[in-house]
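Trainee: For reference, the sequence and a predicted model appear below.
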Amino acid sequence: MPNAGSSTYSLVIVSLGILGVIVSFLITDKKKYYIALVLSLLVVCMGLFGFIGSSIQGWRMSRRISKLQETQRLNLETLQARLRDASQRARANAPTNVKGAPVPVPVTPATLPASVVKKKR
């Protein structure tokens, strides 16, 4: 993204050009007056051109960033949907207690072997 310095620099150039226009009004010789006026207007135009250019560059950059954010948001939403579908499919395909399948035994100190359980002293 263009930094604020580039647009600030252009605005400083514009202000110097405007200052040149004001100073050119103080010149009494017609030929020098027109030369100073044209040069200061040229400086103003250059500053405006730079400012407009940096503003357009900033607008384009923000547009590109917003497009990237939109595509990443869509990618994130599709990944979340896939994960939800996969978890739902896993739940649907999970084995249930059928005849002959061992029933899981909860782990408690009574069900643990004696070698694992520490004796109280």
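Mentor: Received, thanks.
Trainee: longest helix in this protein, by residue count?
Mentor: Ranked by residue count and defined by DSSP state H, the top helix of the chain is helix 30-93.
Trainee: so what does that helix touch, helix or strand wise?
Mentor: With contacts defined as 3 or more Cβ pairs under 8 Å, 6 or more residues apart in numbering; DSSP states H and E, helix 30-93 has these neighbours: helix 4-24. For every residue, glycine as well, the C-beta is placed using N, CA and C.
Trainee: May I see the buried residues of the helix it packs on?
Mentor: Residues 6, 7, 10, 13, 14, 17, 20, 21, 24 are the ones in helix 4-24 that count as buried (16 or more other Cβ atoms under 10 Å).
Trainee: Pick out the most distant pair among the residues you listed.
Mentor: Put simply, by Cβ to Cβ the two of these set farthest apart are 6 and 24, 27.3 Å from each other.
Trainee: Would you mind measuring from the residue positioned nearest the centre of the chain to residue 44?
Mentor: By Cα atoms, centre = their mean, the chain has its centre lying nearest to residue 65, at 5.8 Å. Distance, residue 65 to residue 44, by Cβ to Cβ, to the nearest Å: 32 Å.
Trainee: do residue 9 as well
Mentor: Counting by Cβ to Cβ, the gap from residue 9 to residue 44 is 14 Å.
Trainee: Near residue 35, how many other residues are there?
Mentor: 13 (other Cβ atoms under 10 Å).
Trainee: cool, and residue 40?
Mentor: Counted with other Cβ under 10 Å, residue 40 comes out at 19.
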